[in-house]
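Trainee: Need a 3D model of the sequence below.
(one chain, ligands or ions: 4)
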Amino acid sequence: AKAAGRRTWMRYDDSMEASIRRRATLAGALHKALDRGELRVVYQPRQSLATARITGAEALLRWSSPEHGEIAPDEFIPLAEENGMILEIGEWVLREACLALQRWRQHGLGGLTMSVNMSVLQLLRGDFAGVVRRVLDDTGVPPQALELELTESVLMANAAQTALKLQAFRELGVSLAIDDFGTGYSSLAYLKRLPITTIKIDRTFIADLGHDPEGAAITTTVIAMAHGLGLNVVAEGVENQVQADFLALHHCDEIQGYWVSRPLDAMACMAFIRNRRPP
Ligand code: C2E
Ligand code: CA
Ligand code: CA
Ligand code: CA
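Mentor: Ligands and ions are numbered 1, 2, ... in the order given. Model (predicted):
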């Protein structure tokens, strides 16, 4: 029994070591990924439930490494946050996304919002508002067309400092969204004090719609309370008509998910948005 216990421990130890080794290897590869052109940005459309129009898109980062294959952002973004690379990568994503949006605008697609995910490190760095202003200037995107997404946990971690930082973005005229809403512990009463414009309901609650009464209760409550606070509500991870119908019935403003479209490259997304517009 003792030997078996020891073997189990060894295996656990080995897999820990393998995981630490993979993280170190990936972090090293990520250092070169940007210069080598291994990173790209894809865009997932967002749709209004009231008008069925595409309102904009969310920029999502992708990494295809020749050595390691396609690596999920959930794996490499935490690495980039740990070693500070997210500052450079995040600025690159912001610029790419604004360039794509500006191209769509030049092709006659006005009134769209581009959403870009922002990590806590970017927010807390002194001059990120300056970076955003410069990217907007360089690309010609009006601030009203840009929305920055922050996860709920990020906002809660550093309440007072965060509120101050967020104010700088709002003064720029950029919109702010709370991402993955419902997964953290914040109350909407607390959110009322932050200068945010949009709440994105986490896809775990949307996945529950149709078979779990709790997911439905949370979703309808968040929509009603967010509207009470004058906030725009987006449901994430909408995958079928049942979910979309439920959300429309409960006056959710917008949906995003495979039901509308998978994330697309910039050209394909522009074509998608155009096809969904009435002539
Ligand atoms: P997120 O911001 O919550 O992004 C939504 C994720 O849900 C994306 O995963 C998207 O591909 C996926 N998704 C969209 N529709 C559906 C659906 O109908 N069903 C399901 N099951 N999934 C759906 P992705 O692209 O793998 O990104 C994962 C996370 O990585 C993002 O979650 C975000 O937190 C982070 N991320 C991605 N790009 C960036 C970036 O440029 N900067 C930062 N800081 N984080 C990023
Ligand atoms: Ca997001
Ligand atoms: Ca999300
Ligand atoms: Ca997420």
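Trainee: In the stretch 151-279 of the chain, what residue comes closest to ligand 1?
Mentor: Here the stretch 151-279 of the chain gets closest to ligand 1 at one residue, G257, 3.2 Å apart by CB to the nearest ligand atom. For every residue, glycine as well, the C-beta is placed using N, CA and C.
Trainee: How is the residue nearest to that residue when sequence neighbours are not counted assigned, secondary-structure-wise?
Mentor: The shortest distance from G257 to any non-neighbouring residue, by CB to CB, 6 or more residues apart in numbering, is to V238 (3.4 Å). Classification of V238 by DSSP: H, G, I helix; E, B strand; the rest coil places it in coil.
Trainee: if we can go back for a sec, right, and the residue of the stretch 151-279 of the chain closest to ligand 1 touches A207 too?
Mentor: No. In this structure, G257 is not within contact of A207 by CB atoms under 8 Å, at 9.8 Å.
Trainee: Which one's more surrounded, these two?
Mentor: G257 (23 against 17; other CB atoms under 10 Å).
Trainee: Phi, psi for the more buried one please.
Mentor: phi 150, psi 180 (degrees, to the nearest 10).
Trainee: switch to numbering from 58
Mentor: Okay, using 58 as the starting number, the last item reads as G314.
Trainee: Near ligand 3, which residues of the stretch 208-336 of the chain? Just list them.
Mentor: The stretch 208-336 of the chain has residues D236, D237, E293 near ligand 3, with proximity defined as CB under 5 Å from the ion.
Trainee: Least confident of these?
Mentor: pLDDT across those is lowest for D237, at 90.
Trainee: The helix or strand in which it is found - contacts with which helices or strands?
Mentor: Using DSSP states H and E, D237 falls within strand 232-238. Secondary-structure packing of strand 232-238 (3 or more CB pairs under 8 Å, 6 or more residues apart in numbering; DSSP states H and E): strand 170-174, strand 203-208, helix 209-214, helix 216-229, strand 255-258.
Trainee: In its sheet, which strands sit next to it, and in what direction?
Mentor: If you go by DSSP bridges, strand 232-238 pairs up with strand 203-208 (parallel), strand 255-258 (parallel).
Trainee: Return the most buried member of these.
Mentor: Among the strands paired with strand 232-238, ranked by average contacts under mean count of other CB atoms under 10 Å, first place goes to strand 255-258 (a mean of 25).
Trainee: now the helices: where do they sit in the chain?
Mentor: For the chain, applying DSSP state H gives helices covering 59-90, 130-139, 143-163, 177-181, 185-196, 209-214, 216-229, 245-248, 260-265, 270-285, 298-306, 323-332.
Trainee: got a markdown table for the ones you listed, with mean pLDDT and distance to L106 too?
Mentor: As requested, the helices of the chain are arranged in a markdown table below (pLDDT from 0 to 100; distance: least, CB to CB, whole Å):
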| stretch | mean pLDDT | distance to L106 |
| --- | --- | --- |
| helix 59-90 | 78 | 37 |
| helix 130-139 | 95 | 27 |
| helix 143-163 | 97 | 22 |
| helix 177-181 | 86 | 30 |
| helix 185-196 | 96 | 29 |
| helix 209-214 | 72 | 23 |
| helix 216-229 | 85 | 26 |
| helix 245-248 | 70 | 21 |
| helix 260-265 | 93 | 13 |
| helix 270-285 | 92 | 11 |
| helix 298-306 | 96 | 5 |
| helix 323-332 | 97 | 17 |
